[in-house]
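>>> give me a 3D structure for the following:
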Amino acid sequence: MTDIIKASRSPRKARLVFMGSPDFSVPSLRVLNEAFEICAVYTQPPRKAGRGMKLQPTAIANCAETLGLPCFSPIRLRGNVTEEARLASFEADLFVVIAYGLILPKSVLDIPRLGCINGHASLLPRWRGAAPIQRAIEAGDAQTGVTIMQMEEGLDTGPMLKEAAIDINEGVSAGALHDALAALTAELMPPVIDALMAGNIQAIPQPEEGVSYAPKISNAETRLGFGLPAAELTRKICAFSPYPGASIETLSGRLKLIAATALSDEVTDAAPGSFLGRSQADGIKIACGKNSVLQITKLQPAGKKPMSGTAFLNGQSWQVGKNIASPIHEIKNREGG
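Sure thing, here's the model as predicted:
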(Lines give C-alpha, C1' and ligand atoms only; values in the text may rest on other atoms or scores of the structure.)
Protein backbone atom coordinates (compact mmCIF):
# COMPACT_ATOMS: atom_id res chain seq x y z
CA MET A 1 0.00 0.00 0.00
CA THR A 2 1.42 3.36 -1.02
CA ASP A 3 2.32 5.71 1.81
CA ILE A 4 -0.25 8.48 1.50
CA ILE A 5 0.70 10.49 4.59
CA LYS A 6 2.12 13.90 3.68
CA ALA A 7 2.00 15.88 6.92
CA SER A 8 4.51 15.47 9.73
CA ARG A 9 2.63 17.25 12.49
CA SER A 10 -0.75 19.01 12.83
CA PRO A 11 -1.01 22.56 14.25
CA ARG A 12 -2.58 21.35 17.52
CA LYS A 13 -2.85 18.16 19.47
CA ALA A 14 -5.76 15.96 18.51
CA ARG A 15 -8.46 15.32 21.10
CA LEU A 16 -9.09 11.58 21.22
CA VAL A 17 -11.42 9.07 22.79
CA PHE A 18 -9.58 5.75 23.02
CA MET A 19 -11.51 2.46 22.90
CA GLY A 20 -9.80 -0.85 23.63
CA SER A 21 -9.77 -3.75 26.05
CA PRO A 22 -7.00 -6.42 25.97
CA ASP A 23 -3.21 -6.29 26.27
CA PHE A 24 -2.94 -5.70 22.52
CA SER A 25 -4.34 -2.18 22.97
CA VAL A 26 -2.04 -1.09 25.80
CA PRO A 27 1.07 0.00 23.82
CA SER A 28 -1.09 2.23 21.62
CA LEU A 29 -2.82 3.90 24.58
CA ARG A 30 0.54 4.66 26.19
CA VAL A 31 1.98 6.14 22.98
CA LEU A 32 -1.13 8.17 22.12
CA ASN A 33 -1.36 9.53 25.66
CA GLU A 34 2.11 11.03 25.25
CA ALA A 35 1.44 12.50 21.80
CA PHE A 36 -2.18 13.66 22.02
CA GLU A 37 -4.96 14.66 24.42
CA ILE A 38 -6.95 11.63 25.58
CA CYS A 39 -10.38 12.90 26.67
CA ALA A 40 -11.64 9.50 27.81
CA VAL A 41 -10.97 5.79 27.62
CA TYR A 42 -13.67 3.22 26.89
CA THR A 43 -13.21 -0.47 27.63
CA GLN A 44 -15.29 -3.57 28.28
CA PRO A 45 -16.74 -4.15 31.76
CA PRO A 46 -14.84 -6.33 34.25
CA ARG A 47 -15.18 -10.09 33.68
CA LYS A 48 -14.91 -13.01 36.09
CA ALA A 49 -11.58 -14.77 35.67
CA GLY A 50 -8.99 -16.82 37.55
CA ARG A 51 -9.40 -19.64 40.03
CA GLY A 52 -11.55 -17.53 42.32
CA MET A 53 -13.65 -16.26 39.40
CA LYS A 54 -13.36 -12.72 40.71
CA LEU A 55 -14.22 -9.72 38.58
CA GLN A 56 -11.10 -8.58 36.73
CA PRO A 57 -10.77 -5.22 34.95
CA THR A 58 -9.42 -5.20 31.41
CA ALA A 59 -5.78 -4.46 30.66
CA ILE A 60 -6.85 -1.09 29.27
CA ALA A 61 -8.79 -0.25 32.44
CA ASN A 62 -5.65 -0.90 34.47
CA CYS A 63 -3.52 1.15 32.07
CA ALA A 64 -6.00 4.06 32.12
CA GLU A 65 -5.91 4.09 35.92
CA THR A 66 -2.11 4.16 35.89
CA LEU A 67 -2.11 7.05 33.44
CA GLY A 68 -4.79 8.94 35.36
CA LEU A 69 -7.27 8.88 32.47
CA PRO A 70 -11.06 8.80 32.93
CA CYS A 71 -12.34 5.36 32.01
CA PHE A 72 -15.85 4.13 31.19
CA SER A 73 -17.11 0.56 30.80
CA PRO A 74 -20.63 0.44 29.35
CA ILE A 75 -22.14 -2.97 28.67
CA ARG A 76 -23.19 -1.83 25.20
CA LEU A 77 -23.18 1.26 23.01
CA ARG A 78 -25.97 0.39 20.58
CA GLY A 79 -29.15 2.16 21.71
CA ASN A 80 -27.35 3.65 24.72
CA VAL A 81 -28.49 7.28 24.56
CA THR A 82 -26.72 8.19 27.80
CA GLU A 83 -23.33 7.03 26.54
CA GLU A 84 -23.86 8.68 23.16
CA ALA A 85 -24.48 11.99 24.92
CA ARG A 86 -21.39 11.55 27.07
CA LEU A 87 -19.25 10.69 24.02
CA ALA A 88 -20.51 13.78 22.21
CA SER A 89 -19.70 15.95 25.24
CA PHE A 90 -15.98 15.21 24.89
CA GLU A 91 -15.93 17.06 21.53
CA ALA A 92 -13.24 14.69 20.33
CA ASP A 93 -11.63 15.03 16.92
CA LEU A 94 -11.34 11.27 16.58
CA PHE A 95 -12.23 7.98 18.23
CA VAL A 96 -9.35 5.48 18.12
CA VAL A 97 -10.53 1.87 18.39
CA ILE A 98 -8.13 -1.05 18.94
CA ALA A 99 -9.55 -4.43 19.95
CA TYR A 100 -12.42 -2.85 21.88
CA GLY A 101 -14.78 -5.80 21.58
CA LEU A 102 -18.04 -3.85 21.37
CA ILE A 103 -19.87 -2.91 18.19
CA LEU A 104 -19.99 0.79 17.41
CA PRO A 105 -23.35 1.71 15.84
CA LYS A 106 -23.55 4.37 13.14
CA SER A 107 -24.84 6.90 15.67
CA VAL A 108 -21.52 6.54 17.57
CA LEU A 109 -19.34 6.37 14.45
CA ASP A 110 -20.78 9.73 13.38
CA ILE A 111 -19.99 11.57 16.64
CA PRO A 112 -16.33 12.64 16.25
CA ARG A 113 -15.40 15.37 13.76
CA LEU A 114 -12.96 13.15 11.87
CA GLY A 115 -14.77 9.87 12.42
CA CYS A 116 -13.40 6.67 13.98
CA ILE A 117 -10.25 4.77 13.05
CA ASN A 118 -9.34 1.20 13.89
CA GLY A 119 -6.06 -0.67 14.19
CA HIS A 120 -6.52 -4.24 12.94
CA ALA A 121 -3.90 -6.98 13.22
CA SER A 122 -3.89 -8.20 9.62
CA LEU A 123 -3.27 -7.03 6.07
CA LEU A 124 -6.86 -6.37 5.09
CA PRO A 125 -8.98 -7.60 3.46
CA ARG A 126 -7.37 -10.88 4.60
CA TRP A 127 -8.45 -12.05 8.04
CA ARG A 128 -11.29 -9.73 8.94
CA GLY A 129 -12.72 -10.60 12.34
CA ALA A 130 -11.84 -11.63 15.87
CA ALA A 131 -8.74 -13.85 15.57
CA PRO A 132 -6.54 -12.58 12.71
CA ILE A 133 -3.21 -13.39 14.42
CA GLN A 134 -4.08 -17.00 15.15
CA ARG A 135 -5.64 -17.61 11.74
CA ALA A 136 -2.62 -16.24 9.87
CA ILE A 137 -0.28 -18.64 11.70
CA GLU A 138 -2.68 -21.56 11.37
CA ALA A 139 -2.98 -21.00 7.61
CA GLY A 140 0.80 -20.90 7.15
CA ASP A 141 0.86 -17.30 5.88
CA ALA A 142 4.34 -15.96 5.16
CA GLN A 143 3.39 -12.42 6.21
CA THR A 144 0.84 -10.53 8.21
CA GLY A 145 0.73 -6.97 9.51
CA VAL A 146 -1.39 -4.08 10.72
CA THR A 147 -3.98 -2.05 8.88
CA ILE A 148 -5.22 1.34 10.09
CA MET A 149 -8.65 1.94 8.59
CA GLN A 150 -11.51 4.39 8.71
CA MET A 151 -14.37 2.63 10.45
CA GLU A 152 -17.78 1.96 8.97
CA GLU A 153 -20.66 -0.28 9.97
CA GLY A 154 -19.33 -3.45 8.29
CA LEU A 155 -16.94 -5.90 9.97
CA ASP A 156 -13.45 -4.55 9.25
CA THR A 157 -14.58 -3.33 5.83
CA GLY A 158 -13.58 0.34 6.06
CA PRO A 159 -11.19 2.12 3.67
CA MET A 160 -7.50 1.84 4.55
CA LEU A 161 -5.34 4.71 5.76
CA LYS A 162 -2.06 2.88 6.37
CA GLU A 163 -0.71 -0.64 6.51
CA ALA A 164 2.62 -2.29 7.30
CA ALA A 165 3.72 -5.90 6.94
CA ILE A 166 5.96 -8.18 9.00
CA ASP A 167 7.18 -11.71 8.34
CA ILE A 168 5.74 -14.70 10.18
CA ASN A 169 8.83 -16.67 11.13
CA GLU A 170 8.63 -20.44 11.29
CA GLY A 171 7.66 -21.65 14.74
CA VAL A 172 6.57 -18.24 16.03
CA SER A 173 3.76 -18.42 18.58
CA ALA A 174 0.61 -16.33 18.49
CA GLY A 175 1.79 -14.72 21.72
CA ALA A 176 5.05 -13.51 20.21
CA LEU A 177 3.37 -12.32 17.01
CA HIS A 178 0.70 -10.57 19.10
CA ASP A 179 3.35 -8.52 20.90
CA ALA A 180 5.11 -7.57 17.66
CA LEU A 181 1.85 -6.44 16.03
CA ALA A 182 0.76 -4.51 19.13
CA ALA A 183 4.03 -2.56 19.00
CA LEU A 184 3.62 -1.97 15.26
CA THR A 185 0.09 -0.63 15.78
CA ALA A 186 1.36 1.84 18.36
CA GLU A 187 4.06 2.97 15.92
CA LEU A 188 1.67 3.51 13.01
CA MET A 189 -1.10 5.39 14.83
CA PRO A 190 0.46 8.81 15.61
CA PRO A 191 1.46 9.78 12.03
CA VAL A 192 -1.96 8.70 10.75
CA ILE A 193 -3.68 10.87 13.35
CA ASP A 194 -1.43 13.84 12.53
CA ALA A 195 -2.23 13.47 8.84
CA LEU A 196 -5.97 13.30 9.52
CA MET A 197 -5.75 16.46 11.62
CA ALA A 198 -3.86 18.24 8.84
CA GLY A 199 -6.19 16.95 6.13
CA ASN A 200 -3.31 15.36 4.22
CA ILE A 201 -4.37 11.73 4.05
CA GLN A 202 -6.74 9.87 1.77
CA ALA A 203 -8.33 6.53 2.59
CA ILE A 204 -8.14 3.79 -0.05
CA PRO A 205 -11.00 1.26 -0.42
CA GLN A 206 -10.13 -2.31 0.43
CA PRO A 207 -9.65 -4.66 -2.54
CA GLU A 208 -12.69 -6.72 -3.43
CA GLU A 209 -10.52 -9.80 -3.96
CA GLY A 210 -8.68 -11.69 -1.22
CA VAL A 211 -11.32 -11.30 1.49
CA SER A 212 -11.16 -13.88 4.27
CA TYR A 213 -12.50 -14.07 7.80
CA ALA A 214 -10.91 -14.96 11.13
CA PRO A 215 -13.58 -16.34 13.46
CA LYS A 216 -12.97 -16.65 17.17
CA ILE A 217 -11.09 -19.81 18.21
CA SER A 218 -13.48 -22.44 19.57
CA ASN A 219 -12.57 -24.92 22.28
CA ALA A 220 -13.26 -27.80 19.90
CA GLU A 221 -10.59 -26.52 17.50
CA THR A 222 -7.90 -26.70 20.16
CA ARG A 223 -8.38 -30.46 20.74
CA LEU A 224 -6.08 -31.95 18.14
CA GLY A 225 -5.52 -35.45 16.80
CA PHE A 226 -2.51 -37.27 15.36
CA GLY A 227 -4.44 -38.05 12.19
CA LEU A 228 -3.56 -34.58 10.95
CA PRO A 229 -0.24 -34.04 9.13
CA ALA A 230 2.60 -32.97 11.42
CA ALA A 231 3.07 -29.63 9.65
CA GLU A 232 -0.58 -28.76 10.17
CA LEU A 233 -0.41 -29.80 13.81
CA THR A 234 2.67 -27.63 14.32
CA ARG A 235 0.92 -24.57 12.90
CA LYS A 236 -2.10 -25.13 15.11
CA ILE A 237 0.06 -25.55 18.23
CA CYS A 238 1.82 -22.25 17.43
CA ALA A 239 -1.46 -20.51 16.59
CA PHE A 240 -3.12 -21.50 19.86
CA SER A 241 -0.11 -20.66 22.06
CA PRO A 242 -0.22 -19.41 24.74
CA TYR A 243 -4.01 -19.08 24.73
CA PRO A 244 -6.26 -21.00 24.57
CA GLY A 245 -3.61 -23.70 24.13
CA ALA A 246 -3.67 -26.86 22.00
CA SER A 247 -4.20 -30.26 23.58
CA ILE A 248 -4.32 -33.89 22.55
CA GLU A 249 -5.84 -36.95 24.21
CA THR A 250 -3.47 -39.85 24.85
CA LEU A 251 -3.53 -43.07 26.86
CA SER A 252 -1.73 -41.02 29.55
CA GLY A 253 -4.48 -38.44 29.62
CA ARG A 254 -4.83 -35.03 28.03
CA LEU A 255 -1.58 -33.28 27.19
CA LYS A 256 -1.27 -29.58 26.46
CA LEU A 257 1.17 -29.17 23.58
CA ILE A 258 3.39 -26.13 24.02
CA ALA A 259 6.23 -26.60 21.51
CA ALA A 260 6.52 -29.01 18.59
CA THR A 261 8.01 -29.24 15.11
CA ALA A 262 7.32 -31.30 12.02
CA LEU A 263 10.36 -33.41 11.13
CA SER A 264 10.32 -32.78 7.39
CA ASP A 265 13.27 -35.10 6.74
CA GLU A 266 11.54 -38.11 8.31
CA VAL A 267 8.67 -40.28 7.06
CA THR A 268 6.99 -43.28 8.62
CA ASP A 269 4.60 -46.07 7.69
CA ALA A 270 3.42 -46.35 11.29
CA ALA A 271 -0.21 -45.58 12.07
CA PRO A 272 -0.95 -42.03 13.27
CA GLY A 273 -0.51 -41.89 17.03
CA SER A 274 2.31 -44.45 17.14
CA PHE A 275 5.17 -43.66 19.51
CA LEU A 276 8.41 -43.58 17.51
CA GLY A 277 10.83 -42.96 20.37
CA ARG A 278 12.84 -40.10 21.82
CA SER A 279 14.38 -37.41 19.65
CA GLN A 280 17.82 -35.84 19.92
CA ALA A 281 16.15 -32.53 20.73
CA ASP A 282 14.87 -33.69 24.13
CA GLY A 283 11.52 -34.54 22.59
CA ILE A 284 8.99 -37.21 21.68
CA LYS A 285 8.49 -38.50 18.13
CA ILE A 286 4.93 -39.42 17.13
CA ALA A 287 3.62 -40.70 13.80
CA CYS A 288 1.03 -38.40 12.23
CA GLY A 289 -1.15 -38.24 9.14
CA LYS A 290 0.26 -38.54 5.61
CA ASN A 291 3.30 -40.51 6.86
CA SER A 292 4.66 -37.48 8.73
CA VAL A 293 6.47 -37.28 12.06
CA LEU A 294 5.83 -34.79 14.86
CA GLN A 295 8.48 -33.92 17.46
CA ILE A 296 7.01 -32.67 20.76
CA THR A 297 9.64 -30.83 22.79
CA LYS A 298 7.49 -29.18 25.47
CA LEU A 299 4.17 -30.23 26.94
CA GLN A 300 2.06 -30.01 30.08
CA PRO A 301 0.13 -32.93 31.56
CA ALA A 302 -3.13 -32.10 33.30
CA GLY A 303 -2.51 -30.74 36.79
CA LYS A 304 1.27 -30.51 36.33
CA LYS A 305 3.85 -27.95 35.29
CA PRO A 306 5.20 -27.67 31.73
CA MET A 307 8.09 -30.05 31.01
CA SER A 308 10.29 -31.31 28.21
CA GLY A 309 9.31 -34.34 26.17
CA THR A 310 12.11 -36.37 27.71
CA ALA A 311 11.10 -35.44 31.26
CA PHE A 312 7.55 -36.55 30.51
CA LEU A 313 8.70 -39.89 29.05
CA ASN A 314 10.72 -40.65 32.18
CA GLY A 315 7.44 -41.12 34.01
CA GLN A 316 5.73 -43.18 31.29
CA SER A 317 5.87 -46.76 30.03
CA TRP A 318 5.28 -46.00 26.36
CA GLN A 319 6.70 -48.64 24.04
CA VAL A 320 8.12 -47.83 20.62
CA GLY A 321 5.65 -48.80 17.90
CA LYS A 322 2.63 -48.77 20.21
CA ASN A 323 -0.22 -46.35 19.55
CA ILE A 324 -0.56 -43.90 22.44
CA ALA A 325 -3.49 -41.90 21.03
CA SER A 326 -6.86 -42.01 22.73
CA PRO A 327 -8.96 -44.26 20.41
CA ILE A 328 -12.21 -42.34 20.92
CA HIS A 329 -10.56 -39.01 20.19
CA GLU A 330 -8.66 -40.24 17.15
CA ILE A 331 -11.84 -41.44 15.41
CA LYS A 332 -12.67 -37.73 14.95
CA ASN A 333 -9.20 -36.87 13.72
CA ARG A 334 -8.46 -39.12 10.77
CA GLU A 335 -6.44 -37.60 8.00
CA GLY A 336 -8.10 -34.32 7.08
CA GLY A 337 -10.94 -35.04 9.53
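>>> ok, the residue most central in space within the chain to G210 distance?
The centroid of the chain falls nearest to I133 when counting by Cα atoms, centre = their mean (4.1 Å). Distance check for I133 against G210: by Cβ to Cβ, to the nearest Å, it reads 18 Å. All C-beta atoms are positioned from the backbone trio N, CA, C, and that covers glycine.
>>> beta partners of the nearest residue to E232 once chain neighbours are set aside?
For E232, ignoring the flanking residues on the chain, the nearest one in space by Cβ to Cβ, 6 or more residues apart in numbering is G289 at 7.9 Å. Using DSSP bridges, the bridge partners assigned to G289 are P229.
>>> G289: neighbour count?
Counted by other Cβ atoms under 10 Å, the residues lying close to G289 total 23.
>>> that one contacts F226, doesn't it?
Yes - with contacts counted by Cβ atoms under 8 Å, G289 reaches F226, the gap being 7.2 Å.
>>> how about the helices in the stretch 151-300 of the chain?
In the stretch 151-300 of the chain, the helices defined using DSSP state H, counting those that start in this stretch lie at 174-198, 230-239.
>>> which residues does V17 contact?
For V17, the contacting residues are 38-42, 87, 90, 92, 94-96, 112, taking Cβ atoms under 8 Å, 6 or more residues apart in numbering as the criterion.
>>> mind redoing it with 7 Å?
Contact criterion Cβ atoms under 7 Å, 6 or more residues apart in numbering gives 39-40, 42, 87, 90, 92, 95 as the residues in contact with V17.
>>> for it, name its beta-bridge partners.
When bridges are assigned using DSSP bridges, the partners listed for V17 are A40, F95.
>>> any idea how far Q44 is from it?
V17 sits 15 Å away from Q44, going by Cβ to Cβ.
>>> likewise for T157?
In this structure, T157 and Q44 are 22 Å apart, going by Cβ to Cβ.
>>> the two: which is more packed in?
More neighbours surround Q44 than the other of T157 and Q44, with 20 against 15 (other Cβ under 10 Å).
>>> so that one is in which element?
When elements are assigned from DSSP states H and E, Q44 belongs to no helix and no strand.
>>> so what's the closest residue to it other than its chain neighbours up against?
Residue nearest to Q44 in three dimensions, not counting chain neighbours: S21, with 4.5 Å by Cβ to Cβ, 6+ apart. Going by Cβ under 7 Å, 6+ apart, S21 touches 43-44, 58, 60, 99-101.
>>> dump these to a markdown table, plus secondary structure and pLDDT.
Putting the contacts of S21 into a markdown table (DSSP: H, G, I helix; E, B strand; the rest coil; pLDDT from 0 to 100) gives the following:
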| residue | secondary structure | pLDDT |
| --- | --- | --- |
| T43 | coil | 98 |
| Q44 | coil | 97 |
| T58 | coil | 98 |
| I60 | helix | 98 |
| A99 | coil | 97 |
| Y100 | coil | 97 |
| G101 | coil | 94 |
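>>> can you redo these as JSON lines with distance to L161?
Conversion of the contacts of S21 to JSON lines gives the following (distance: Cβ to Cβ, whole Å):
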{"residue": "T43", "distance to L161": "23"}
{"residue": "Q44", "distance to L161": "25"}
{"residue": "T58", "distance to L161": "26"}
{"residue": "I60", "distance to L161": "22"}
{"residue": "A99", "distance to L161": "17"}
{"residue": "Y100", "distance to L161": "18"}
{"residue": "G101", "distance to L161": "22"}
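>>> next one: phi and psi at I133?
As for I133, its main-chain torsions (degrees, to the nearest 10) stand at phi -70, psi -50.
>>> that one and L177, how far apart?
5 Å.
>>> likewise for P159?
According to Cβ to Cβ, P159 stands 25 Å off from L177.
>>> these two: which has the busier surroundings?
More crowded of P159 and L177, by other Cβ under 10 Å: L177, with 22 against 14.
>>> and the pLDDT at the more buried one?
Note for L177: predicted pLDDT of 98.
>>> please apply the same query to the one 10 residues further on.
At E187, the predicted lDDT confidence score is 98.
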